[in-house]
Structure formats: C-alpha cells, structure tokens
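S.K.: this is a predicted model, with the sequence first.
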Amino acid sequence: MTLPTGDQSSSIQDQPEHLGVRPLRRGAALDQLGFFLWSRRWFIVALAVGGIMLSLPTPDGLTREGLIVLTMSLVAVILFITEPVPLPTVALMIIVGQVVLLGIDSEIVARSIMSDSVLFIMGSLMLAVGIVKQKLDKRIAYMIVRFTGTKTANICVGISFVSGMMASVIGEHTVAAMMLPVAVTLITLTSDDPKEVRKLAALLLFSIAYGCAIAAIGTPSGGARNAIMIGFWKEFFYDPLDPETYKYLIDYVTWMAYCFPIFLLQLPFVSLILLTTFKPEQTHITRAVVKLRAQLEAQGSMRSNDWGAILIFTATLIGWIMFSDTLGLGTVAIFGAIAFLVFGLVRWEDINSNVNWGVVLLYGAAISLGVQMKDSGAAMWLADNFLEVLAPMGADSGVSLWLGVSALTTLVTNTMSNGAAVAVLGPITLNLATSAGESPLLMGYITAISSAFAYLTVIGTPACTIVYASGYLKPSDFLKVGWRMVIMSTVILMFSAYFYWPLLGL
C-alpha cells in the first residue's frame, strides 16, 4: 500500500460527490459550529451558572445537598424560560442530576417521578383525547359560544368564567383537562396554521389555566393547598378545652366567605390582562363558529358512543370527588382512560399519537425535584433567609410583612407544586405570625392564596402544564403574562386582607 503524496493527499473538499461525500469547506464548518453555539447559548449560560454556584462555599445553615438542589432548580428555571433545548430534555437532566450530583439511588428517583399527580396528568390527557375522538369538545365549545357570542374578548371571558366556576369545586386539574379540547377546537377551526392563530391560542389557553388557578382558592375542595392549611390551623392552634381556639376550626362556608370573593374580583382582570398581552389576530371568530355549527349539523344528534363517553367522563368526575382521597386522583383518571379503551370509544393508536408524553415526563421530574427541595432543607433555608432579609427593612410586621410572605410563597410555588409550597412554608409563616403579633388565620390565608400565583412557569400548576401540552404555547409566554398576573393578584389579595377581612372579624 502506498500513501498518497503531493496532489493525491487532497482533503475531503476535493473528493468527488459521486463517492457519497459532500464537500464541506472549513468556513462552512465554522459557520455551523457558530450557529450551534449561538442556538445553545442559554444552555451554556445555564450550565455556567450552575458550575459557579456549585463551586461556591456552602452557606451557613444549608447542607451541601441543599445547595445542589437550589443549583439544579435555578438551572432548570433558566432552561424552562429560554428553552434552548426541548423541555423534556430538562426533565431528563433533572433525573440524571439527582442520581449523579445528589447520589440518590435511581430506584428512589424513579419512584418519586411516577407519583399520583403524574398519573393524574397522564390520565387527564388520555381522557382529553377520548373526548376529542367523540367530538364532545365541539358540543361544549358551541354551548359556550351560544352564551358569549362570536366576539373573541367575550369568549375569553366566558372560558375563564366557566373554567373558574368549575375549578372552585372540583379542582383545577380536572377542569383544565376537560376544557383543553374545547379551546383547541375553536383554535383549529379558526386556522390550521398555528402561526396565524398564535395570539388567539395563547388567549384562550391562558383563559383556561389562569381561570382555574384563581378559582382554586375559592373553596377547600379547590386544591390540596387549602386542605393543608386548614389542617395546620387545627394542629397548631386548636384546643378542645379552650373555646377561644374554636375559630381555628375552619369549615367549608367560612373558607368561602374569606376566599371566594377574591376569585370573583380577579376574574375580570384576568381577561383584561390577557387581552392586552396577547392581542388576538381575530377580534371575532365568526368563521370558526359557522364551521363548528356546520360540523355539528353534519354530525347529527347525540349517538350511543357520545352518551357512552359522557357517562364515562361523568363517572370519572364523580370518582374524583368521592374517591380521590382513598384511590387517588391519578388512579381514578387511569380508570376513566381504561374505560374509554375497553368500550372502543378511543383507540390506543389515537392516545399514543396525541398525548404529549414529554409533558408527562416534565411534570414528573419537576415534582421529583420539589421533593428534594423539601427533603434537603433547601426550601426551609430559602424561606428563613428571605424573612431575615425583610427584618432590617421594617417588613417584619403589618402590610409589609404580608407582602413579604406573599412574595416568598409566590417564588416557591413557581418552582414546586402549590401543595408542597404550603406544606413547606405553612409552619414557618404561622410561627412567624405568632412571634410578630399577627393573626395566624390572616397569615395562613395569605400563604394559601399566594400559592395559587404560580403563573410564571410551565410547571407552576398542573393546569399550566396541561395547556402547555397543546403545543401552542412557549415557556416564555408564561413569563410574559405571568408577572402581570402576579402583580394583579397580589394587589387584590392585599386589598382584601386590609379592607375586606376585618369586616368578617379577622
């Protein structure tokens, strides 16, 4: 064998294309590398931030594991917002990070991912596919439009109101899963091109997510956070031998008296904020409504399959209300999905191709990270230090303290589930109320209600995760509108705490 010499030692650029090698100039390769690095710039920034944080000394009162968890959370938030890589990639990074950086056994990490909440998200998305398959979403959408008319702004208000009223009773998870196909139907009938309905889609989908979020505070059954706080009040302050402590036994009606009006006050502002943030391309969706009416007329009256789907979903809804405390929300949702499959109302191929499995993985990883936030003491350390910062500014009592607690809860609830946020912060804020001479009831309400202000991230609430699964939204959309929602909700909460709650004797 002789080695090529002289002209024979040509580079790959000189090789003929018929040999299957495409010429690639060095400049083109550098351009491609530059484009790749630029497209991944936020990924590189996030990793650099993580590396810097891990190289710092561990702060006093925080364990090394806690620092790692806080680092992982910050890196994840940067990637969630900037999205330089697909979001399921971030979920996989969270999983790997727990095993590699925290040294947690992979079996334990796997179990923390597949929780009942994740089963619920998965089952709800499967149920949504079944509803769409039977075209029930179109009937529900038409019922709403008949009341609101075809003006986009009115439909936005109608969807928020319907979603909110239902979410205040049966929980935001359920309502978001049920209303998602309704919004998607109106969007797709307006245009098949997602680019042409970008703002309309954001408007309708956020109407569902935020309508559910603000309503979930209204009743004890609206969310786990409410039940957790009621339990804390009873455990910390109630004494059967002291009649003065009976006020800490909060019943359903009492909670509604304090919290339901706050939901109603927020409702019109939600639509106003959404309409000013995402000015829709279409002020009216008359064409979509005409198409919808024509499709329903062609579809004809309700068939046995339609009634079967309604019966299964109603049974699932009843199961959520009556048996979720024993079976779990996720198990009931899976039961419903099984029923759709068994009775032939949906095919597995339909579910497999229409469920966004990446969102299921994302939510599972986020819950798993939230567990580590609590177990490592990172959440407790964050809360303690945040409150210490408030003291020198005179924010250790009165309205300033209320604002500080609300801001802290808002920060934490955007990185973990609202139930977990209240579970972690509740004991701290209630003890803080006692030492500061504030009412534990007032501080508890502020904590529980502020945990609903998870408007900033995809993983803030299951409702946000579910609407994101539609594929029409970007993580940056949540930040774009979320900060406005946080300000609005905080102002109304402070107004209610200062002017309205004293009228009820608080």
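M.R.: On my side now, so go ahead.
S.K.: quick one: residue 459 and residue 501, what's the gap?
M.R.: In this structure, residue 459 and residue 501 are 31 Å apart, going by Cβ to Cβ, to the nearest Å. Bear in mind the C-beta positions are built from the backbone N, C-alpha and C, glycine included.
S.K.: so where is the stretch 201-350 of the chain shaky, pLDDT-wise?
M.R.: 221, 223-224, 321, 324-325 (pLDDT under 70).
S.K.: let's see it at 90
M.R.: 201, 212-213, 215-256, 278-310, 312-333, 344-346, 350 (pLDDT under 90).
S.K.: and residue 89, what's its pLDDT?
M.R.: For residue 89, the pLDDT comes out at 89.
S.K.: about what we covered before: residue 459 and residue 501: which is more packed in?
M.R.: residue 459 (30 against 18; other Cβ atoms under 10 Å).
S.K.: so for stretch 163-173, what's the average pLDDT?
M.R.: For stretch 163-173, mean pLDDT rounds to 75.
S.K.: ah, wrong one, I meant stretch 451-464
M.R.: 84.
S.K.: what about that stretch, how long is it end to end?
M.R.: End-to-end distance for stretch 451-464: 14 Å, by Cα to Cα, to the nearest Å.
S.K.: also stretch 243-263?
M.R.: Using Cα to Cα, the two ends of stretch 243-263 sit 31 Å apart.
S.K.: not counting sequence-adjacent ones, nearest residue to residue 65?
M.R.: residue 376 (4.3 Å; Cβ to Cβ, 6 or more residues apart in numbering).
S.K.: swap that for residue 443, sorry
M.R.: Residue 443 sits nearest to residue 433 (Cβ to Cβ, 6+ apart), 3.7 Å away.
S.K.: pull the number of nearby residues for residue 430.
M.R.: Under the neighbour criterion other Cβ under 10 Å, residue 430 is assigned a count of 21.
S.K.: name the surrounding residues that touch the helix or strand hosting it.
M.R.: If you go by DSSP states H and E, residue 430 is part of helix 418-436. Residues from elsewhere that reach helix 418-436 (Cβ atoms under 8 Å, 6 or more residues apart in numbering): 223-225, 228-229, 232-233, 236, 370-371, 373-374, 379-380, 383-384, 387, 396-397, 401, 405, 408-409, 412-413, 416, 438-440, 442-444, 446-448, 451-452, 454, 461.
S.K.: and what of stretch 340-356?
M.R.: 122, 125-127, 129-130, 132-134, 305, 308-309, 312, 337, 469, 471.
S.K.: swap in stretch 190-203?
M.R.: Here stretch 190-203 makes contact (Cβ under 8 Å, 6+ apart) with 152, 156, 183, 187, 274-275, 278-282, 285, 287-288, 470-473, 477, 481.
S.K.: pull out the buried members of the residues you listed.
M.R.: 152, 156, 183, 187, 274-275, 278, 280-282, 285, 288, 470, 472-473, 477, 481 (16 or more other Cβ atoms under 10 Å).
S.K.: which residues sit in contact with residue 316?
M.R.: Residue 316 sits in contact with 127, 332-333, 335-336, 339, where contact means Cβ under 8 Å, 6+ apart.
S.K.: mind listing which of the contacts of stretch 340-356 are in helices?
M.R.: The helices, defined by DSSP state H, take in 122, 125-127, 129-130, 132-133, 305, 308-309, 312, 337 from the contacts of stretch 340-356.
S.K.: out of the contacts of residue 316, which one sits closest to residue 48?
M.R.: residue 333 (40.3 Å; Cβ to Cβ).
S.K.: one step back: how many neighbouring residues does the residue nearest to residue 443 have?
M.R.: Counted with other Cβ under 10 Å, residue 433 comes out at 22.
S.K.: residue 306 too?
M.R.: 17.
S.K.: what of residue 112?
M.R.: Using other Cβ under 10 Å, the number of residues around residue 112 comes to 21.
S.K.: so what secondary structure elements neighbour the helix or strand just after the helix holding residue 430?
M.R.: Following helix 418-436 in sequence order, the next helix or strand is helix 440-450 (DSSP H and E). Contacts defined by 3 or more Cβ pairs under 8 Å, 6 or more residues apart in numbering; DSSP states H and E place helix 440-450 against helix 224-237, helix 252-277, helix 398-413, helix 418-436, helix 475-495.
S.K.: I'd guessed residue 449 sits against residue 262; true?
M.R.: Yes - the pair residue 449 / residue 262 is scored as a contact, 6.6 Å apart, by Cβ atoms under 8 Å.
S.K.: more neighbours: which of these two?
M.R.: Neighbours around residue 449 and residue 262, counted as other Cβ under 10 Å, are more numerous at residue 449. The numbers are 28 against 24.
S.K.: against residue 167, how distant is the more buried one?
M.R.: Distance from residue 449 to residue 167, by Cβ to Cβ: 14 Å.
S.K.: go on, residue 249?
M.R.: 25 Å.
S.K.: the two: who's more crowded?
M.R.: Each of residue 249 and residue 167 has its neighbours counted (other Cβ under 10 Å); residue 167 has more, 30 against 13.
S.K.: and residue 284, its phi and psi?
M.R.: The phi/psi pair for residue 284 (degrees, to the nearest 10) reads phi -130, psi 150.
S.K.: tally of neighbours for it?
M.R.: By other Cβ under 10 Å, the burial measure for residue 284, its neighbour count, is 15.
S.K.: check residue 77 too.
M.R.: There are 19 residues near residue 77, going by other Cβ under 10 Å.
S.K.: that one touches residue 457, doesn't it?
M.R.: Yes - assessed by Cβ under 8 Å, residue 77 is found in contact with residue 457 at 6.8 Å.
S.K.: which residues does the nearest residue to residue 41 once chain neighbours are set aside contact?
M.R.: Leaving aside its chain neighbours, residue 41 sits nearest to residue 84 (7.0 Å; criterion: Cβ to Cβ, 6+ apart). Residue 84 is in contact with 39-43, 46, counting by Cβ under 8 Å, 6+ apart.
S.K.: which of those are buried?
M.R.: Using 16+ other Cβ under 10 Å, the buried members of the contacts of residue 84 are 43, 46.
S.K.: among the contacts of residue 84, which are in helices?
M.R.: Of these, the ones assigned to helices by DSSP H are 39, 41-43, 46.
S.K.: before we move on, the earlier item: and the residue nearest to residue 443, how close does it get to residue 397?
M.R.: 10 Å.
S.K.: cool, residue 241 as well?
M.R.: Taken as Cβ to Cβ, the span from residue 241 to residue 397 is 30 Å.
S.K.: got it, and residue 488?
M.R.: Residue 488 is 25 Å from residue 397, by Cβ to Cβ.
S.K.: counting neighbours, go ahead and name the busier of the two.
M.R.: Applying other Cβ under 10 Å to residue 488 and residue 397 shows that residue 488 carries more neighbours, namely 19 against 15.
S.K.: show me the contacts for the more buried one.
M.R.: Residue 488 sits next to 266, 269-270, 273 when contact means Cβ under 8 Å, 6+ apart.
S.K.: quick one: which of these is most hemmed in?
M.R.: Scoring the contacts of residue 488 on neighbours with other Cβ under 10 Å, the highest-scoring entry is residue 270 at 28 neighbours.
S.K.: that one contacts residue 161, correct?
M.R.: No - Residue 270 is beyond contact range of residue 161, at 9.6 Å (criterion: Cβ under 8 Å).
S.K.: overlap in contacts of those two?
M.R.: Common neighbours of residue 270 and residue 161, counting by Cβ under 8 Å, 6+ apart, are residue 211.
S.K.: coming back round to it: separate out the buried members of the contacts of residue 316.
M.R.: 127, 332-333, 335-336, 339.
S.K.: hey, where'd the helices end up in the stretch 101-250 of the chain?
M.R.: 106-113, 116-133, 136-148, 152-170, 172-190, 198-215, 224-237 (DSSP state H, counting those that start in this stretch).
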